[in-house]
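Chemist: Sequence isn't available, so here's the structure alone:
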């Protein structure tokens, strides 16, 4: 039964993820940039691009310094990628939230902090590979991109199934090789894209901001082919801007948009199977362990939040000592 639709048919399927992302991020940043003081014209210079070899070396150095983040977020991304319908977006945001929770400098997140970028990137890439596990073995796509790829592969005669390596082993390994070459090509394609995008910095803000706004609204319209998505983008942009003014992070809101539908659907299915009882959720060993762990994590988060409200000076002193 649809809820909170306000009588609008376009809200029966919920808020589109792409529209939410554009509103929360693109429009929120546009509103923030519009209120910033105008920078002197002398500061609007085109950034100098460092050589590709040096850029790759610097990136590898950053990743090597944060190898713990890669080890933590990589397996997490693979696990989330295996889950049908989760996808790399969910994996990246969950890894980002976990990274911020365990970081000694959470205040730097959201400002291009390397630690959050490494965690999110590692989990995102790992989830893409993990999504192919149920896709090739069971024919169940892990995300929308994998679903499209499965359709193309089936058109070429590569039918997913448990015996896919016996039937079409040569094609599967060819597919793996294509993945490897694609990742190598992404390095050069990304470098070219950065070089072209950096030239946009030469444009004045008065020209760049309307251009970004127009492209954002056009992209949102193209996703749903409906003018209603434009209103969704504008509304969530205003909400996101208000959240940033109040110091409320945007990541939990995005996670709610992404996971809300999946969580509610599976919860309702479980409640129907258990006939409205909660005890069957803890009837098996693995569900009992996961349930207790979830309750403990929630309790710890609530405890820290209440402690920060009741004793703000102790919390600040503890954070300074940890740093």
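Modeler: Perfect, thanks for sending it. Keep in mind that what you see is a predicted model, and the values were worked out from it rather than measured.

Chemist: From now on I want contacts and neighbour counts done on CA atoms only, so please keep to that.
Modeler: Will do.

Chemist: Tally up the residues packed near residue 94, please.
Modeler: By the criterion of other Cα atoms under 10 Å, residue 94 has 23 neighbours.

Chemist: Quick check: which element contains it?
Modeler: helix 87-102 (DSSP states H and E).

Chemist: average pLDDT for that helix?
Modeler: Throughout helix 87-102, pLDDT has a mean value of 76.

Chemist: And it, what does it pack against?
Modeler: helix 67-82, helix 114-130, helix 251-273 (3 or more Cα pairs under 8 Å, 6 or more residues apart in numbering; DSSP states H and E).

Chemist: Name the residues of it that come out as buried.
Modeler: Along helix 87-102, these residues count as buried under the neighbour rule (16 or more other Cα atoms under 10 Å): 87-100.

Chemist: which of those residues lies closest to residue 117?
Modeler: Closest approach between the buried residues of helix 87-102 and residue 117, by Cα to Cα: residue 96, at 7.9 Å.

Chemist: Residue 15 and residue 23, how far apart?
Modeler: 11 Å (Cα to Cα, to the nearest Å).

Chemist: shared neighbours of these two, anything?
Modeler: residue 232 (Cα atoms under 8 Å, 6 or more residues apart in numbering).

Chemist: who has more neighbours, those two?
Modeler: Neighbour count, other Cα under 10 Å: between residue 15 and residue 23, residue 23 has more, with 29 against 16.

Chemist: pLDDT weak spots in the stretch 51-200 of the chain?
Modeler: Counting by pLDDT under 70, the stretch 51-200 of the chain has low-confidence residues at 51-53, 55, 84-87, 141-145, 147-148.

Chemist: Show the end-to-end separation of stretch 198-213, please.
Modeler: Span of stretch 198-213 from end to end, Cα to Cα: 18 Å.

Chemist: and if you look at stretch 218-232?
Modeler: Span of stretch 218-232 from end to end, Cα to Cα: 13 Å.

Chemist: which parts of that stretch are buried?
Modeler: 219-221, 229-232.

Chemist: Out of these, which sit inside helices?
Modeler: Applying DSSP state H to those, the entries found in helices are 219-221, 229-232.

Chemist: Now tabulate those residues in JSON lines and tack on distance to residue 252.
Modeler: Converted to JSON lines, those look like this (distance: Cα to Cα, whole Å):
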{"residue": "219", "distance to residue 252": "24"}
{"residue": "220", "distance to residue 252": "21"}
{"residue": "221", "distance to residue 252": "25"}
{"residue": "229", "distance to residue 252": "21"}
{"residue": "230", "distance to residue 252": "22"}
{"residue": "231", "distance to residue 252": "22"}
{"residue": "232", "distance to residue 252": "18"}
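
Chemist: List just the nearest of those residues to residue 241.
Modeler: For these, the nearest to residue 241 is residue 232 (14.0 Å; Cα to Cα).

Chemist: Please tell me how far the closest one sits from residue 218.
Modeler: Counting by Cα to Cα, the gap from residue 232 to residue 218 is 13 Å.

Chemist: What of residue 304?
Modeler: From residue 304 over to residue 218 (counting by Cα to Cα), the distance is 42 Å.

Chemist: and if you look at residue 226?
Modeler: 10 Å.

Chemist: Residue ranges of each domain in this structure, please.
Modeler: Under the assignment automatic domain parsing, the domains of the chain span 1-40+204-248, 45-202, 284-323.

Chemist: Which one of those domains lies nearest to residue 260?
Modeler: That would be, of these and by Cα to Cα, domain 1-40+204-248, which comes in at 9.6 Å.

Chemist: Can you give the distance of the closest one from its chain's centre?
Modeler: 17 Å (Cα atoms, centre = their mean, to the nearest Å).

Chemist: for stretch 190-201, same thing?
Modeler: 23 Å.

Chemist: Begin at 68, not 1, for the rest of this chat.
Modeler: With 68 as the first residue, the last one maps to stretch 257-268.
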